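Undergrad: Here is my input, please return the structure:
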Amino acid sequence: MGIRFASKSSVVMVWNAGPLAHTSDRAGLPLVNPSAVEHLAVDRAGRLIWASCDRHTTPTAPCGLPRMDVASPPASRFPWWIPAGGLLLAALYLPTLATPFDFIDDGNLVYPVEGRSLTGHVGLWWERVQANYAHLGPFRPTLWIHWQLQSNLFDGDPLSWRICRLLWTGLAASMFLWLLRELKIHPIAAILAGALAMWNPYRNEIWTSLTLAEGVAMPYALFGLVAARKASTTDRPLIWEIAAAVAVLVALGCKNVFAALVPAQMVLRMWPDGLTIRDAWRRNGWRSLALGVTLLMPAIHFVHYKTHWHPGQYETPGPSLAQFGRLLNTLKGAMSPEFMGVGVVLAAITVGVSRRTQLPDTSSAPEAKANRNSARPALACAIMLLLGGVAMYLPVTIISGRYSMPAVWGLDILFGLLLTAFVAAPVTVWKKAAWGGVCAGIAVVAAANIGRQEKFAARATMLWVALHYVEANAPLGAKVAWMSGDSLKGALNVEEGIHFQWHLYHRGRGDVRIGLFDESGAPLERTELQPLDGPPQYALAGQGAVGPGGFEPVRKYAAAYWYGWKHYDWLLSRKPVPGFHDDATHRAEVGKLFQAMLQMGPPAAAVGDN
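TA: Down below sits the predicted model:
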């Protein structure tokens with residue numbers, strides 16, 4: 001048998017030489033470079049049946065050896081576990097199908113605009129993009145495309161919106177699993193890391209809500225990372241480079257914070273497996289930097305935003321240690337250490353013990369080195385995501401669980417790398433205990449997610465009952481005071497009041513005016529709603545609140561969750577309408593009129609009465 005290899009494989013040539021024997025330069029045959037072989041197999045007779053060689057080198061058989069036909073390597077099977085895993089991860093959100101609209105960015109988004117041509121819809125889309133920028137500052141054309149398409153396709157039906165969101169959740173989960181596969185993370189580790197990423201209750205609001213930007217952008221953003229990785233491992237990188245750039249541009253059209261993806265993309269494009277970072281830079285460095293051209297879009301927006309800022313738009317006071325601390329706390333919550341901590345620590349101990357007790361094996365040294373090299377691009381990508389994602393939110397003062405993205409994806413990748421090494425470790429007591437800890441942690445995360453969904457649905461139901469009651473019973477032109485407070489303590493919040501007004505408008509009760517007030521009764525100013533043009537006749541308050549002084553209760557409602565242990569409630573109160581003699585002003589007027597009548601004396605007799 002004789003084989004001649006040059007480098008990496010694509011051309012296949014086999015020569016039959018009987019049973020497979022040891023080949024070496026002493027036998028007069030060229031040595032096979034193991035790093036150059038992509039596929040190698042032996043038939044039942046012990047003969048080499050196919051191998052792969054460099055497509056630029058034509059292998060030639062040594063003199064005297066018969067030549068066999070070319071045998072193609074078996075086609076790689078489609079990784080069905082990726083879409084199946086994506087659907088499995090999304091299935092935890094099936095209860096959301098019964099949830100109504102949630103008053104989170106949906107009051108002006110879910111209703112169709114009828115009577116417009118395609119050109120008219122395009123014009124309306126651009127008007128909304130411009131208005132959103134003028135009022136608040138963000139430039140989000142992708143987001144408005146999604147919102148406008150869905151509003152006109154689903155005709156204000158919450159179930160259709162929920163089904164679409166559930167399918168989008170499955171797509172995002174599949175993209176995440178695909179990324180982990182490209183980073184050489186074991187399928188079992190990928191599923192577990194994906195479960196933590198998709199089920200964590202601290203960041204599940206992007207899937208329970210219908211319109212949040214992070215949920216819309218996630219499939220595009222993750223595909224942008226996948227495409228950058230594929231560009232470094234394929235013979236035709238240009239197609240994948242274009243796909244990576246386009247995907248990030250689309251994600252930036254949802255939210256500018258996804259500029260944090262670009263450094264991670266550069267690392268993935270530059271650094272294929274098997275190369276040192278120096279060799280990777282020499283081969284792909286300048287080409288990987290070309291992906292940075294997408295940063296022009298957020299850079300131009302930021303410059304225009306800072307030079308044209310006005311009150312009412314988001315403020316960016318600059319980085320601060322306080323915000324850095326808030327971000328660290330958000331990342332901690334987004335990884336559920338209270339649930340996953342024990343399992344992660346045990347898995348890390350298992351990997352450490354396995355590596356310390358593993359006997360040195362010189363025959364496996366090249367393989368071990370290759371495994372270490374293959375993990376380095378994934379590690380660098382995770383670090384870039386973590387640093388870039390934190391940097392994006394440092395200049396602001398607001399915080400939310402979803403603001404952990406995309407930085408938390410770096411932690412998700414690190415978790416997947418740890419589990420990949422853990423899966424490969426030999427079975428020990430430590431490994432068995434770690435499996436129990438990791439699986440129990442994921443189960444608790446799933447249970448907490450379902451509890452969060454139930455709580456979310458109860459609040460949405462509570463608000464819709466209030467909306468239906470006001471819609472059906474408020475008199476024409478009624479003015480309602482929305483008593484705003486801390487929603488974490490059960491009070492109504494300002495955003496819900498804004499969308500309450502917009503829902504009323506789109507449902508035909510735009511005559512009912514909602515005014516924003518704090519819990520003490522002081523009016524609040526927001527650009528989205530004009531203040532009331534007179535005193536309110538009604539007041540709507542949340543849990544534990546009471547109506548303004550002098551108002552009397554009209555109706556209460558409570559929406560229970562967690563088997564009735566907790567509940568959200570509201571109170572609608574009304575300013576009493578005084579009777580004719582009940583009001584002091586009216587009583588004074590009646591008294592003056594009566595005194596005037598007494599001073600006039602009896603009426604003169606009419607002529608002809610006697």
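
Undergrad: show me the residues around residue 384 that make contact.
TA: Applying Cβ atoms under 8 Å, 6 or more residues apart in numbering, we find residue 384 in contact with 263, 264, 266, 267, 410. In this view, the C-beta of every residue, glycine as well, is placed from N, C-alpha and C.

Undergrad: Show me what the helix or strand encompassing the second one is packed against.
TA: Secondary structure here is read from DSSP states H and E; on that basis residue 264 sits in helix 261-270. On a contact count with 3 or more Cβ pairs under 8 Å, 6 or more residues apart in numbering; DSSP states H and E, helix 261-270 meets helix 213-231, helix 237-252, helix 277-289, helix 365-393.

Undergrad: let's see 6 Å
TA: helix 213-231, helix 277-289, helix 365-393 (3 or more Cβ pairs under 6 Å, 6 or more residues apart in numbering; DSSP states H and E).

Undergrad: okay, that helix in CSV with CA atoms only?
TA: Provided in CSV are the C-alpha atoms of helix 261-270 (Å, rounded to 0.1, in the frame of the first residue of the first chain):
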residue,chain,number,x,y,z
LEU,A,261,-20.4,41.4,18.3
VAL,A,262,-17.9,42.8,15.8
PRO,A,263,-14.7,42.2,17.8
ALA,A,264,-15.9,38.6,18.5
GLN,A,265,-16.6,38.2,14.7
MET,A,266,-13.1,39.4,13.9
VAL,A,267,-11.6,36.8,16.3
LEU,A,268,-13.7,34.0,14.8
ARG,A,269,-12.9,35.0,11.2
MET,A,270,-9.2,35.3,11.9
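
Undergrad: now the angle from that helix to helix 277-289?
TA: Orientation of helix 261-270 against helix 277-289 (axes from the mean of the first three to the mean of the last three Cα atoms, to 10 degrees) gives an angle of 120 degrees.

Undergrad: Tell me which of the helices and strands packed on helix 261-270 lies nearest to residue 346.
TA: Between residue 346 and the helices and strands packed on helix 261-270, the tightest spacing by Cβ to Cβ is seen for helix 365-393, at 20.6 Å.

Undergrad: by contact count, what packs against the helix or strand following the closest one?
TA: Using DSSP H and E, the helix or strand that follows helix 365-393 towards the C-terminus is helix 407-424. Packed against helix 407-424, as judged by 3+ Cβ pairs under 6 Å, 6+ apart, are the following elements: helix 187-199, helix 337-357, helix 365-393.

Undergrad: Please repeat the previous calculation with a cut-off of 8 Å.
TA: helix 158-182, helix 187-199, helix 321-334, helix 337-357, helix 365-393, helix 429-473.

Undergrad: Name the residues of it that come out as buried.
TA: By 16 or more other Cβ atoms under 10 Å, the buried positions in helix 407-424 come out as 407-423.

Undergrad: Now do it, average pLDDT.
TA: Per-residue pLDDT over helix 407-424 has a mean of 96.

Undergrad: Also stretch 508-528?
TA: 90.

Undergrad: Same check on stretch 558-578?
TA: 89.

Undergrad: Repeat that for stretch 446-461.
TA: pLDDT averaged over stretch 446-461 gives 96.

Undergrad: so where is the stretch 351-500 of the chain shaky, pLDDT-wise?
TA: Scanning the stretch 351-500 of the chain for pLDDT under 70 picks out 359-373.

Undergrad: how does it look with 50?
TA: 362-364 (pLDDT under 50).

Undergrad: For the stretch 51-200 of the chain, which segments are assigned as helices?
TA: Ranges of helices in the stretch 51-200 of the chain, per DSSP state H, counting those that start in this stretch, are 81-90, 118-135, 141-154, 158-182, 187-199.

Undergrad: Give me the angle between the longest one and helix 429-473.
TA: Yep, that's helix 158-182 we're talking about. Using the same axes, to 10 degrees: helix 158-182 against helix 429-473 is 160 degrees.

Undergrad: Just the buried positions in helix 158-182, please.
TA: Neighbour-count burial for helix 158-182 flags 158, 161-162, 164-166, 168-182 (criterion: 16+ other Cβ under 10 Å).

Undergrad: neighbours of residue 478, just the number please.
TA: 17 (other Cβ atoms under 10 Å).

Undergrad: Can you tell me how far it is from residue 529?
TA: 15 Å (Cβ to Cβ, to the nearest Å).

Undergrad: Tell me which residues touch the closest residue to residue 404 other than its chain neighbours, please.
TA: Computed as Cβ to Cβ, 6 or more residues apart in numbering, the closest residue to residue 404 that is not its neighbour in sequence is residue 334, at 3.9 Å. Contacts for residue 334 (Cβ under 8 Å, 6+ apart) come out as 200, 202, 203, 401, 404, 405, 408, 411.

Undergrad: From residue 409, how far off is the second one?
TA: Think residue 202. As for residue 202, its distance to residue 409 is 14 Å (criterion: Cβ to Cβ).

Undergrad: Now do the strands in the stretch 451-600 of the chain.
TA: Ranges of strands in the stretch 451-600 of the chain, per DSSP state E, counting those that start in this stretch, are 479-484, 513-518, 538-541, 552-561, 566-574.

Undergrad: Output the contacting helices and strands for the longest one.
TA: In terms of contacts (3+ Cβ pairs under 8 Å, 6+ apart), strand 552-561 is packed against helix 429-473, strand 566-574.

Undergrad: JSON lines please, covering those and showing distance to residue 492 and mean neighbour count.
TA: JSON lines is the format used below for the helices and strands packed on strand 552-561 (distance: least, Cβ to Cβ, whole Å; neighbours: other Cβ atoms under 10 Å):
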{"stretch": "helix 429-473", "distance to residue 492": "8", "mean neighbour count": "18"}
{"stretch": "strand 566-574", "distance to residue 492": "7", "mean neighbour count": "19"}
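
Undergrad: Which among the ones you listed is found nearest to residue 233?
TA: Per Cβ to Cβ, nearest to residue 233 of those: helix 429-473, 29.5 Å.

Undergrad: What is that closest one packed up against?
TA: Other helices and strands packing on helix 429-473, by 3+ Cβ pairs under 8 Å, 6+ apart, are helix 187-199, helix 205-208, helix 337-357, helix 407-424, helix 494-506, strand 538-541, strand 552-561, strand 566-574.

Undergrad: which residues touch the fifth one?
TA: Helix 494-506 is contacted from outside by 101, 103-108, 111, 156, 463, 466-467, 470-471, 482, 484, 487, 510, 512-514, 516, 524, 526, 528-529, using Cβ under 8 Å, 6+ apart.

Undergrad: Quick one: residues contacting the residue nearest to residue 204 when sequence neighbours are not counted.
TA: In space, and not counting its chain neighbours, residue 204 is closest to residue 449: 5.4 Å by Cβ to Cβ, 6+ apart. Contacts here follow Cβ under 8 Å, 6+ apart; on that basis residue 449 touches 92, 199, 200, 201, 204.
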